[in-house]
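Undergrad: just the structure for this:
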Amino acid sequence: MRPLTAPPPPRRAPQLLGGRRDELERALEQAVGIPAAALGGWPAELLSALEAEREGREGRFVQALERLLDMATLDGVFLDIFQSVITLVRARLRRPLLMIAAIRRDSVKFTGEIRARCR
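TA: Predicted coordinates:
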């Protein structure tokens, strides 16, 4: 005998950025001062990686950040300006405590990478 009702759709994690994605992309671009198009749409890529991390795909944010730093290095961009990315993301997305812990962990690694590359 078949059930009378269909099973509920799979539950997805609430979207981290909600309707603020465009606003956050613009804020990241302004904080760094480098147009998104100059480095392959970097704000969108970072925010997508952040959402992927939130959905359980660990390491995506750091990978995207590393790709961004590599592109910026090749273009001769001063890497210290990207610290504002971590600061802005942490300030705007304080609510999800697990994400904050991941961002803090990643920001420590990121800061170390910047220092190593600037030597």
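Undergrad: from Val62, how far off is Asp22?
TA: To Val62, Asp22 is 24 Å away according to CB to CB, to the nearest Å. Where you see a C-beta, it was placed from the backbone N, CA and C, and this is true even at glycine.
Undergrad: same thing with Arg90?
TA: For Arg90, the distance to Val62 - CB to CB - is 15 Å.
Undergrad: residue boundaries of the helices in the protein?
TA: Assigned by DSSP state H, the chain shows helices spanning 21-32, 42-54, 60-74, 83-92, 97-118.
Undergrad: tell me what the shortest one is packed against?
TA: Okay, so that is helix 83-92. Judged by 3 or more CB pairs under 8 Å, 6 or more residues apart in numbering; DSSP states H and E, helix 83-92 is in contact with helix 21-32, helix 42-54, helix 97-118.
Undergrad: kindly export that helix (C-alpha atoms) in CSV.
TA: C-alpha atoms of helix 83-92 as CSV (Å, rounded to 0.1, in the frame of the first residue of the first chain):
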residue,chain,number,x,y,z
GLN,A,83,42.3,41.6,5.2
SER,A,84,39.3,43.8,4.9
VAL,A,85,37.5,40.9,3.2
ILE,A,86,37.7,38.8,6.4
THR,A,87,36.8,41.8,8.6
LEU,A,88,33.8,42.7,6.5
VAL,A,89,32.5,39.1,6.3
ARG,A,90,32.9,38.6,10.0
ALA,A,91,31.1,41.9,10.8
ARG,A,92,28.2,41.3,8.4
